[in-house]
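**Q** Prediction below, plus the sequence it came from.
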Amino acid sequence: MIFLNNLISGIGLGSIYAIIALGYTMVYGIAKMLNFAHGDVIMVGAYIAFCSLQYWGLPPVVAILLAMVVCTVMGVLIEGLAYRPLRQAASLAVLITAIGMSYLLQNLALLIWGANTKSFPRTFLNSSTIPLLGGRLSIPSATLFTIVANVVIMIALTLFTSRTKMGKAMRCVSEDRGAAELMGINVNRTISLTFAIGSGLAAIAGVLLCSSYPNLTPTTGSMPGIKAFTAAVFGGIGSIPGAMVGGVLLGVIEIFGKAYISTELGDAIVFAVLIIVLLLKPTGLLGKPMREKV
Amino acid sequence: MKKMFVMFLALILAMSCVGAFADEEPITITVAHIGPTSPGPAADASQYGQATLHGAEIAVEEINAAGGKYRIELIHEDDQHDTEKVVNAYNTALDNGAQIILGTTTSKPCEVAADLGYEERVFFLTPSASAPAVIEGRDNIFQICFDDYSQGRVSAEYIAEHKLGTKIAVIYNNSDVYSTGIRDSFIAEAANRGLEIVAESTFTTTVDFSVQVSEAQNAGADVVFLPMYYDAAAPILITADSKDYHPIFFGVDGMDGILTVEGFDTSLAEGVMLLTPFVATSEDEKVVSFVQKYEAAYGTTPIQFAADAYDGIYTIIAAAEEAGITADMDTEEVCEAMIAAMQKITVEGLTGTMTWDETGAVGKEPMAAVIENGVYVFND
């Protein structure tokens, strides 16, 4: 029973990593850059939802939509202002810019909302616990919502990239940016759209993260962000199902590591997994092996 | 009954003093309060410095109005909670004739100032600097508050004496010295007190607590000791509630603040206990009178820091009487006499009955408040 409860906790935590990892993996797959500010966009989304619920008294659904709108706009702005001018620059420059953007967002949040911890209020997302097997097992409702949201988002994204025109454009840009441009695809707009979708997802991830783990501070997004990045690499960065599988597995590994090995080593185990996967299978579990053309 | 007796004794003492010194001028000793009363470059700790200054002012007013053997001239220097500004504040205070320092309010500056005082032989009594490093290796400084780590020892003492439970779980932050220091002293004392530690788990980030709470729950702990700041305690209380686990949660001074976390459902904190020497809503008559005077003078409710400083002034008077301090003694003579006197006196203050040993650490009865209907109350 304890095992099953831990498994449920692990899947819950992993589903949140998976949603965050989707954002990482989409941006990497299409723009070929690691957006380290993604975790902080999540934090901003969570703060917007917190303010909507706590200060403005908006209903939860409106709060989530508002957070999505703000994050989407912010994602497009970040891309346009910080990353687009560096499109031709070395990838290292873009990476450093992303890290700078991450600190910028954290410090802006510190200025606006202060350093004091806020506790995410209860909504329909996390108000109840569903008992199973006569009460010996329990699933927090936030975990259920997270898993459902995860599956829905994954299916929607897969359909979007395979069926729609914009989605196909994204895959083209991912495949070969130069060729896509020659075929008449607007690369800048496609990358903007990717950031818009990724940041919108970040807002949902922020609300779900804080529904399960209610502490909200300006650094809330950074640790889950890094773990989700680990999950994305674990599953094969650039692959949408890979992000999902990687996220859930990582969550389960983290909880089991804490429960059965040592609570002190929980984080160490997570990052050790990253190193082992990178050593044994550099492209991740579901990643396509890449051949460098010489 | 005991309190009545002590007050009676004090009254007799006061009367005999009036008799003995009726024709003499009271001896004026100059005490400098050093603490942050304005925001500093690094952090804003001004609310703590304001509280200790105001608490001290109330005590000084009472003492001077009562007209005993001593009268106190209180001077104040602002250190802005800064380790450089505190040096200036300390030097200015001595230049202005301070014989004794009440301070400093916060730990880091206090270490710096007490170091200077140790070299130059100046007596320090800090109301609220609780880091163990403040008194370590210095004989010239004494504390009114418990030092951080002894909170673990006295928590175990309190839990055992009040029979809150016998199966204890401990959850602590192993990347934080405050948390691990208290945990270590708790575990050591728990063994002496027959408390069984059934589960112990750690955390480094305040995200997921499901494993830690499950461990305590599965081990059947009836008390969960939480030596940490309130920001980590809030998600633990939420997680425990979602698992329908309701033991007694016992925290230390870091727990103070749990009721002010924005968005936190404070009903989850009902019944949470925390070690604290002072609660403004207490019905103790000394506390009631202090709170009334404080609110009338400054328009806010005093926090623990104010009570610590109030006790600090009375402690200085008690030690000065024991040491026979006179107005013309220089700081070095005062320092040596006060160090000896501090170890002999017993002071009954707002925060308990206090004695001191040669390390400068205070000994007093631990008191714990419980959260009821969203406010702290004392059980007994």
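**A** Yes, it's here.
**Q** ok, residues contacting the helix or strand encompassing B:Ile238?
**A** Assigned by DSSP states H and E, B:Ile238 belongs to helix B:230-242. Contact with helix B:230-242 is made by A:117, A:119, A:126, A:129, A:138, A:140, A:213-215, A:217, B:171, B:173, B:203, B:206-207, B:209-210, B:212-213, B:217, B:224, B:226, B:246-247, B:249, B:251, B:254-258, B:261, B:264-265, B:268-269, B:272, as judged by Cβ atoms under 8 Å, 6 or more residues apart in numbering or on different chains. (Each C-beta comes from the backbone N, C-alpha and C, glycine too.)
**Q** Swap in 6 Å and give it another go.
**A** With contacts defined as Cβ atoms under 6 Å, 6 or more residues apart in numbering or on different chains, helix B:230-242 is touched by A:117, A:119, A:129, A:140, A:214-215, B:206, B:209-210, B:213, B:226, B:255, B:257-258, B:261, B:264, B:268.
**Q** Show me which positions of it end up buried.
**A** For helix B:230-242, the neighbour count (16 or more other Cβ atoms under 10 Å in any protein chain shown) marks B:Tyr230, B:Asp231, B:Ala232, B:Ala233, B:Ala234, B:Pro235, B:Ile236, B:Leu237, B:Ile238, B:Thr239, B:Ala240, B:Ser242 as buried.
**Q** Check stretch A:186-197 too.
**A** Applying a neighbour-count criterion of 16+ other Cβ under 10 Å, one finds A:Val187, A:Thr190, A:Ile191, A:Ser192, A:Leu193, A:Thr194, A:Phe195, A:Ala196, A:Ile197 buried in stretch A:186-197.
**Q** The fourth one: what's it in contact with?
**A** A:Ser192 makes contact with A:Val76, A:Glu79 under the criterion Cβ under 6 Å, 6+ apart.
**Q** In a strand, it, correct?
**A** No: counting by DSSP: H, G, I helix; E, B strand; the rest coil, A:Ser192 is not found in a strand; it is helix.
**Q** returning to that earlier point: from the buried residues of stretch A:186-197, which is closest to B:Gln151?
**A** Of all the buried residues of stretch A:186-197, B:Gln151 sits closest to A:Phe195, with 48.7 Å by Cβ to Cβ.
**Q** Quick one: work out the angle between the longest helix along chain A and helix B:230-242.
**A** Ranked by residue count and defined by DSSP state H, the top helix of chain A is helix A:2-31. Per axes from the mean of the first three to the mean of the last three Cα atoms, to 10 degrees, the angle that helix A:2-31 makes with helix B:230-242 is 120 degrees.
**Q** Helices - which of the contacts of helix B:230-242 land there?
**A** B:Ser210, B:Val213.
**Q** centre of the chain versus stretch B:136-147, how much separation?
**A** Relative to the centre of its chain, stretch B:136-147 is centred 12 Å away, using Cα atoms, centre = their mean, to the nearest Å.
**Q** same check, this time on stretch A:128-144
**A** Here stretch A:128-144 shows a centroid-to-chain-centroid distance of 25 Å under the convention Cα atoms, centre = their mean.
**Q** next one: stretch A:216-228
**A** Using Cα atoms, centre = their mean, the offset of stretch A:216-228 from its chain centre is 10 Å.
**Q** cool, and stretch A:250-263?
**A** The answer for stretch A:250-263 is 20 Å, by Cα atoms, centre = their mean.
**Q** do it and chain B meet?
**A** Yes: Stretch A:250-263 reaches chain B (Cβ under 6 Å from any Cβ of the partner chain) through A:Lys258, A:Ala259, A:Thr263.
**Q** Just list the residues touching the residue lying closest to A:Gly23 once chain neighbours are set aside, thanks.
**A** The spatial neighbour of A:Gly23 that comes closest, neighbours along the chain excluded (Cβ to Cβ, 6 or more residues apart in numbering or on different chains), is A:Gly198 at 4.1 Å. Listed by Cβ under 6 Å, 6+ apart, the contact set of A:Gly198 reads A:Gly23, A:Met26, A:Val27.
**Q** cutoff 10 Å now
**A** Going by Cβ atoms under 10 Å, 6 or more residues apart in numbering or on different chains, A:Gly198 touches A:20, A:22-28, A:30-31, A:35, A:38, A:41, A:71-72, A:75, A:79.
**Q** Could you say which helix or strand holds it?
**A** Going by DSSP H and E, A:Gly198 is part of helix A:187-212.
**Q** That helix vs helix B:230-242, what angle?
**A** Using the same axes, to 10 degrees: helix A:187-212 against helix B:230-242 is 70 degrees.
**Q** In the chain, where is pLDDT below threshold?
**A** With no chain named, the answer covers chain A. Across chain A, the ranges flagged by pLDDT under 70 are A:134-135, A:289-294.
**Q** actually it's chain B I care about, not the one you picked
**A** Applying pLDDT under 70 to chain B flags the ranges B:1-24, B:42, B:206, B:379-380.
**Q** can you rerun that using 80?
**A** Scanning chain B for pLDDT under 80 picks out B:1-25, B:40-44, B:205-207, B:257, B:327, B:366, B:379-380.
**Q** Quick check: which element contains the spatially most central residue of chain B?
**A** Closest to where the C-alpha atoms of chain B average out (Cα atoms, centre = their mean) is B:Cys145, at 2.7 Å. Assessed by DSSP H and E, B:Cys145 sits outside every helix and strand.
**Q** Verify the stated contact: it with B:Pro132.
**A** No: at 11.6 Å, B:Cys145 does not count as touching B:Pro132 under the criterion of Cβ atoms under 10 Å.
**Q** Mutual contacts of these two, please.
**A** Jointly contacting B:Cys145 and B:Pro132 under the rule Cβ under 10 Å, 6+ apart are B:Ala361.
**Q** Name the residue of the stretch 1-150 of chain B that lies nearest to chain A.
**A** Using Cβ to the nearest Cβ, the single residue of the stretch 1-150 of chain B nearest to chain A is B:Ala43, 9.7 Å away.
**Q** Can I take it that that residue is in a strand?
**A** No: according to three-state DSSP, B:Ala43 belongs to no strand; its state is coil.
**Q** Enumerate the residues of the stretch 251-380 of chain B near chain A.
**A** With Cβ under 10 Å from any Cβ of the partner chain as the criterion, the stretch 251-380 of chain B meets chain A at residues B:Gly257, B:Ile258, B:Thr260, B:Val261, B:Glu262, B:Gly263, B:Phe264, B:Asp265, B:Thr266, B:Leu268.
**Q** okay, those in TSV with neighbour count and distance to B:Phe124 next?
**A** Below are these laid out as TSV (neighbours: other Cβ atoms under 10 Å in any protein chain shown; distance: Cβ to Cβ, whole Å):
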residue	neighbour count	distance to B:Phe124
B:Gly257	16	27
B:Ile258	24	32
B:Thr260	10	31
B:Val261	22	34
B:Glu262	16	37
B:Gly263	19	41
B:Phe264	25	38
B:Asp265	15	43
B:Thr266	18	38
B:Leu268	21	41
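**Q** For the stretch 101-250 of chain A, just list every one of the helices.
**A** A:141-163, A:165-175, A:177-182, A:187-212, A:222-235, A:240-256 (DSSP state H, counting those that start in this stretch).
**Q** Also the stretch 51-200 of chain B?
**A** All helices of the stretch 51-200 of chain B, identified by DSSP H, counting those that start in this stretch, fall at B:85-95, B:107-120, B:150-161, B:177-192.
**Q** Break chain B down into its domains, please.
**A** Here the domain parsing of chain B from automatic domain parsing is B:2-146+B:283-363, B:150-276.
**Q** Can you name the residues that contact B:Trp356?
**A** Applying Cβ under 10 Å, 6+ apart to B:Trp356 gives the contacts B:125, B:142-144, B:315, B:319, B:339, B:341-347, B:362-364.
**Q** Buried residues in stretch A:276-288, which are they?
**A** A:Val277, A:Thr283, A:Gly284, A:Leu285, A:Leu286, A:Gly287.
**Q** From one end of that stretch to the other, what's the distance?
**A** 18 Å (Cα to Cα, to the nearest Å).
**Q** And for stretch A:29-38?
**A** 14 Å.
**Q** how distant is that stretch from the center of its chain?
**A** Worked out by Cα atoms, centre = their mean, stretch A:29-38 lies 11 Å from the chain centre.
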